[in-house]
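# Prediction below, plus the sequence it came from.
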Amino acid sequence: MRNIYLFIFPLILLFSCNSSEKKVNDKQTIVNDNKIHKEELVYKFDLEQIKKRGILKALTVHSPSSYFLYKGKSMGFEYELLQNFADKIGVKFKIVKVNDLDEMIYMLKTGEGDIIAHGLTVTNQRKEDILFTNHYNLTYQVLIQKKPNKWWQMRQDDIDDTLIKDVTGLIGKTVSIRKESSYYQRISNLVKELGDTIYVDFIDGSYSTEEIMKMVSEGDIKYTIADNNIAEINKSYYSNLDIGTQVSLSQRVAWSVRKDSPELQKAINSWLKGIKRSGYYNIVYKKYFKNRRQFKKRMKSDYSSLRTIGKISKYDDVIKKYSKSINWDWRLISSIVYQESRFDHSAKSWVGAGGLMQVMPSTAKELGVKNHTASENIRIGTKYLNIIYNRFDKVEDSLQRVKFTIASYNCGYGHVLDAQKLAELNNKDKYSWENGVGEALVKLSQPKYYNKKGIKYGYVRGLEPYNYVNEIFERYNIYKDLVD
């Protein structure tokens with residue numbers, strides 16, 4: 001829902017244009033009151049606790065620059081930096097996708113995430129609530145407006161005559177922005193500076209800046225504001241947009257943490273200094289904000305979560321077909337396929353396994369496969385998964401049973417049986433991957449464990465299937481998050 005408000009100088013009066021908008025105003029007041037009353041619920045968790053937990057929870061946005069899925073692979077500026085930082089402090093990281101940007105700071109303060117890994121403009125108002133890291137970029141805000149129809153046939157002077165080329169041109173106009181954004185704060189300041197009226201059309205917090213720019217390009221709204229780096233890369237795709245009118249001075253952009261996480265802030269600052277010195281930061285920044293050809297390629301691809309089609313690979317239909325036949329989520333099978341072959345049907349392993357699901361020749365022969373098409377490879381791969389799954393009939397929890405099945409697909413059914421036996425010998429839960437079997441499988445690479453009485457299949461490079469299962473499920477959770 002969007003609500004239009006009017007700024008009048010010298011007093012800023014926010015009033016609704018109809019009764020339904022007044023109701024939304026009341027709701028906003030209630031939300032703000034709740035934030036005040038829940039101060040005592042602020043979550044306390046700093047670097048030491050994160051390291052003990054082993055997971056860094058990062059709040060970020062699904063957008064062309066921050067975090068998205070492309071051809072089955074998780075990508076994004078923030079995503080890659082998070083990978084690097086998590087490795088630096090020795091933990092894994094988990095993306096917590098923010099669906100409403102207006103709630104991002106509240107989500108941080110109440111512990112849904114440990115860090116906001118999203119480029120927030122540093123403002124005094126935000127400093128009251130959160131700790132900013134050292135800034136990693138300088139940018140400035142620009143007006144986003146649509147060029148006239150058939151602009152490519154016009155002279156530049158004629159195009160300019162239809163556009164706002166100075167902030168004074170915003171007087172009496174309506175700008176569409178999110179309420180909790182720094183863009184809204186800038187409009188508030190512009191009203192004071194200009195001494196006149198600007199209308200504001202509030203866009204729902206679920207829309208990213210990139211999505212709002214698209215709305216301008218398609219003519220759904222007239223004007224919005226964006227940081228210049230975001231505007232520049234998106235203009236390469238939305239060529240009918242003009243981004244040449246600057247509306248602010250340079251501003252700092254940074255990540256942020258809770259006020260009770262000073263050690264995490266220090267760690268991020270130290271890491272930022274290091275990656276800037278090494279050149280790694282510049283490589284990642286150019287990849288997502290400067291490489292226009294790759295940006296347009298991703299934006300146009302059907303296999304990008306940035307589009308609404310919701311595809312992972314060109315094999316989605318056949319994966320869905322055979323996943324349904326064994327009653328597994330097709331996105332989980334897709335994650336297995338990505339792990340095995342990166343969706344490359346021509347891939348072959350050093351042991352002779354081949355195709356999308358890296359089916360072993362002996363397995364294909366056993367199941368009577370002669371035609372090694374992509375479709376047959378997935379059919380046999382899923383059929384083999386189902387055969388293994390049925391062998392674990394004593395495992396009552398279906399999720400644990402699936403994890404045992406996937407581990408067996410990687411290292412062999414017998415080794416997983418050994419891991420169950422070893423877990424039992426160590427007084428661990430032989431029916432739980434997390435609380436017994438996964439850890440036992442890793443230990444089976446050591447003689448003192450694989451030579452134990454009752455262990456039948458001997459040595460296995462257990463860390464490989466352990467990581468295999470965990471990585472598949474990490475990717476599966478991302479697929480579930482980004483693909484219907």
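Okay, I see it.

# Same question for stretch 451-471: list its buried residues.
Within stretch 451-471, the residues that qualify as buried are I455, Y457, V460, G462, P465, Y466, Y468, V469, N470, counting by 16 or more other CB atoms under 10 Å. Placement of C-beta: from N, CA and C, glycine included.

# what's the nearest residue to S63 if we skip its chain neighbours?
S208 (4.3 Å; CB to CB, 6 or more residues apart in numbering).

# about what we covered before: mind picking the one among the buried residues of stretch 451-471 that's closest to K51?
N470 (18.4 Å; CB to CB).

# Can you name the next helix or strand after the helix or strand of the chain with the lowest mean pLDDT?
Ranked by mean pLDDT, DSSP states H and E, the weakest helix or strand in the chain is helix 19-37, scoring a mean of 30. The helix or strand immediately downstream of helix 19-37 is helix 47-53, counting by DSSP states H and E.

# Next secondary structure element downstream of that following helix?
With secondary structure assigned by DSSP H and E, helix 47-53 is succeeded by strand 55-60.

# low-scoring stretches of the stretch 201-350 of the chain, by residue?
Low-confidence segments of the stretch 201-350 of the chain (pLDDT under 70): none present.

# Please enumerate the helices of it.
Here the stretch 201-350 of the chain has its helices, by DSSP state H, counting those that start in this stretch, at 209-217, 228-235, 262-278, 280-289, 292-300, 316-325, 330-341.

# can you redo the ones you listed as CSV with distance to A353 and mean neighbour count?
Shown next, in CSV, are the helices of the stretch 201-350 of the chain (distance: least, CB to CB, whole Å; neighbours: other CB atoms under 10 Å):
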stretch, distance to A353, mean neighbour count
helix 209-217, 40, 21
helix 228-235, 40, 21
helix 262-278, 37, 16
helix 280-289, 32, 16
helix 292-300, 30, 15
helix 316-325, 18, 17
helix 330-341, 8, 23
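
# This protein - how does it break down into domains?
What automatic domain parsing lists as the domains of the chain is 3-27+141-249, 42-138+253-300, 316-482.

# Pipe those into JSON lines and attach distance to I309 per row.
Below are the domains of the chain laid out as JSON lines (distance: least, CB to CB, whole Å):
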{"stretch": "domain 3-27+141-249", "distance to I309": "15"}
{"stretch": "domain 42-138+253-300", "distance to I309": "11"}
{"stretch": "domain 316-482", "distance to I309": "10"}
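
# Mind checking these for the one nearest to R307?
Of the domains of the chain, the one closest to R307 (CB to CB) turns out to be domain 42-138+253-300, at 7.7 Å.

# residue ranges for the helices of the stretch 1-150 of the chain, please.
For the stretch 1-150 of the chain, the helices defined by DSSP H, counting those that start in this stretch occupy 19-37, 47-53, 77-89, 104-109, 124-127.

# For the fourth one, give the mean pLDDT please.
Just to be clear, that refers to helix 104-109. For helix 104-109, mean pLDDT rounds to 95.

# Next one: the nearest residue to E103 once chain neighbours are set aside from E128, what distance?
Leaving aside its sequence neighbours, E103 sits nearest to G205 (CB to CB, 6+ apart; 6.5 Å). Between G205 and E128 the computed distance is 19 Å (CB to CB, to the nearest Å).

# ok, now V337?
48 Å.

# now do L108
For L108 relative to E128 (CB to CB), the value is 13 Å.
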